[in-house]
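Participant: Next come a sequence and a model predicted from it.
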Amino acid sequence: MNQTAKHDSWKAGENYDQYMGRWSQLVAQEFLHWLEAPEDAEWADIGCGTGALTRTVLAKANPKSVVAIDPSDGFLTYARREITDPRVVFQIADAQDIPTPDDEFDVTASALVLNFIPDKLKALGEMRRTTRPGGIVSFYVWDYPGSGIGFIDTFWKAAASLDPTARDLDEANRFPFCTFNGLREICETAGLRNAVIGSLEIESEFPDFEAFWHPFTLGAGPAPGYCMSLPEASRERLRDLLKRTLGTDTVIRLPARAWAVKSIME
């Protein structure tokens, strides 16, 4: 594992859901509204994680079925416990090698995970392969380079001011392709013709500073993994700096933005 990825912990589903689940759920709702997928479709959720997109598809898109894959047994254990709809099949699998035949799905979607996949072009090629002609291949990623997920951006800026090595761990620096132009380029390279790119906007809200800070202490995800790797004194300095930056008792509201892509298969 390279040094910038060493804190990318994808095991503790419940902890990760407390860190990102609320915001993943909100942006999934915006994504489905933007995607305008047909009802009664056969879906694949590639890199389903704790199931935010799968749960939203079931609630909002009236699918015929959903095959949800992820390489993390911990995430799938949590997702299976939380989502018991009989239309869903959860399966351990890699986005770079989707274990289904060609032309299997009407909609193949990937939520907030493409940037963490080592071979993005291979994963997109697999999504194309498993999607029927006339079907939709789609994905979305946080706009990390554009400070698009405010609470994570705030955390890393504070961390880097105390520890310059944290800059290398910041998703804004790790995932420079997560921009409109970067996604357009990767779509062209991956053969996603006539891809449409749009922005999804939500707001993350925390009732007070403790609600903001607590998810970073759970160790699941890059920023929490880094946070909990710090010596206690360093972690307290980071906490105090964030408290001074954000305030202690007032509601904290920070914007969040993702880029979404969709392409109709020929």
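Facilitator: Here it is on my side, so go on.
Participant: Residue nearest the middle of this protein, spatially speaking?
Facilitator: Leu112 (2.3 Å; Cα atoms, centre = their mean).
Participant: Could you verify my assumption that that residue touches Gly148?
Facilitator: No - contact criterion Cβ atoms under 8 Å: Leu112 and Gly148 do not qualify, at 11.3 Å. All C-beta atoms are positioned from the backbone trio N, CA, C, and that covers glycine.
Participant: what sits in contact with each of those two?
Facilitator: Contact with both Leu112 and Gly148 is made by residues Trp142, Ala258, according to Cβ atoms under 8 Å, 6 or more residues apart in numbering.
Participant: ok, now which ones touch the spatially closest residue to Ala260 that is not a sequence neighbour?
Facilitator: Closest residue to Ala260 apart from its sequence neighbours, by Cβ to Cβ, 6 or more residues apart in numbering: Tyr140 at 4.0 Å. Contacts for Tyr140 (Cβ under 8 Å, 6+ apart) come out as Val27, Phe31, Ser110, Ala111, Leu112, Leu200, Ala258, Trp259, Ala260, Val261.
Participant: try it again with 10 Å
Facilitator: 27-28, 30-31, 34-35, 53, 109-114, 178, 183, 197-200, 258-262 (Cβ atoms under 10 Å, 6 or more residues apart in numbering).
Participant: next one: Arg253
Facilitator: By Cβ under 10 Å, 6+ apart, the neighbours of Arg253 are Gly150, Phe151, Glu203, Ser204, Glu205, Phe206.
Participant: Would you mark the buried spots in whichever strand or helix holds Leu200?
Facilitator: Using DSSP states H and E, Leu200 maps to strand 196-206. Neighbour-count burial for strand 196-206 flags Ile197, Leu200, Ile202, Ser204, Phe206 (criterion: 16 or more other Cβ atoms under 10 Å).
Participant: Likewise for stretch 223-241?
Facilitator: So, applying 16+ other Cβ under 10 Å, buried residues of stretch 223-241: Ala223, Pro224, Gly225, Tyr226, Cys227, Leu230, Arg235, Arg237, Leu238, Arg239.
Participant: Also stretch 65-79?
Facilitator: Buried-residue list, stretch 65-79, by 16+ other Cβ under 10 Å: Ser65, Val66, Val67, Ala68, Ile69, Asp70, Ser72, Gly74, Phe75, Leu76, Tyr78, Ala79.
Participant: Kindly report the same for stretch 178-191.
Facilitator: Neighbour-count burial for stretch 178-191 [16+ other Cβ under 10 Å]: Cys178, Thr179, Leu183, Ile186, Cys187, Ala190.
Participant: Okay, Glu126 and Lys120: tell me how far apart.
Facilitator: In this view, Glu126 and Lys120 are 11 Å apart by Cβ to Cβ, to the nearest Å.
Participant: Over to Lys243?
Facilitator: 37 Å.
Participant: Please identify which of those two sits among more neighbours.
Facilitator: Just comparing Lys243 and Lys120: by other Cβ atoms under 10 Å the higher neighbour count belongs to Lys120, 20 against 15.
Participant: For the closest residue to that one other than its chain neighbours, list the residues it contacts.
Facilitator: Nearest residue to Lys120, sequence neighbours excluded (Cβ to Cβ, 6+ apart): Leu114, at 5.7 Å. Leu114 makes contact with 46-47, 95, 120, 123-124, 127, 139-141, 175, 177-178, 183, 186, 261, according to Cβ under 10 Å, 6+ apart.
Participant: And the buried residues of strand 196-206, which is closest to Ala41?
Facilitator: Ranked by distance to Ala41 (Cβ to Cβ), these are led by Leu200 at 20.1 Å.
Participant: ok, which stretches of the stretch 1-150 of the chain are helices?
Facilitator: 13-16, 22-35, 52-60, 73-82, 120-129, 150-162 (DSSP state H, counting those that start in this stretch).
Participant: If you count neighbours, what's buried in the longest one?
Facilitator: For helix 22-35, burial by neighbour count (16+ other Cβ under 10 Å) applies to 22-32, 34-35.
Participant: Quick one: these as JSON lines, columns for distance to Pro86 too.
Facilitator: As requested, those are exported to JSON lines (distance: Cβ to Cβ, whole Å):
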{"residue": "Arg22", "distance to Pro86": "26"}
{"residue": "Trp23", "distance to Pro86": "28"}
{"residue": "Ser24", "distance to Pro86": "23"}
{"residue": "Gln25", "distance to Pro86": "21"}
{"residue": "Leu26", "distance to Pro86": "26"}
{"residue": "Val27", "distance to Pro86": "26"}
{"residue": "Ala28", "distance to Pro86": "21"}
{"residue": "Gln29", "distance to Pro86": "23"}
{"residue": "Glu30", "distance to Pro86": "27"}
{"residue": "Phe31", "distance to Pro86": "24"}
{"residue": "Leu32", "distance to Pro86": "21"}
{"residue": "Trp34", "distance to Pro86": "28"}
{"residue": "Leu35", "distance to Pro86": "24"}
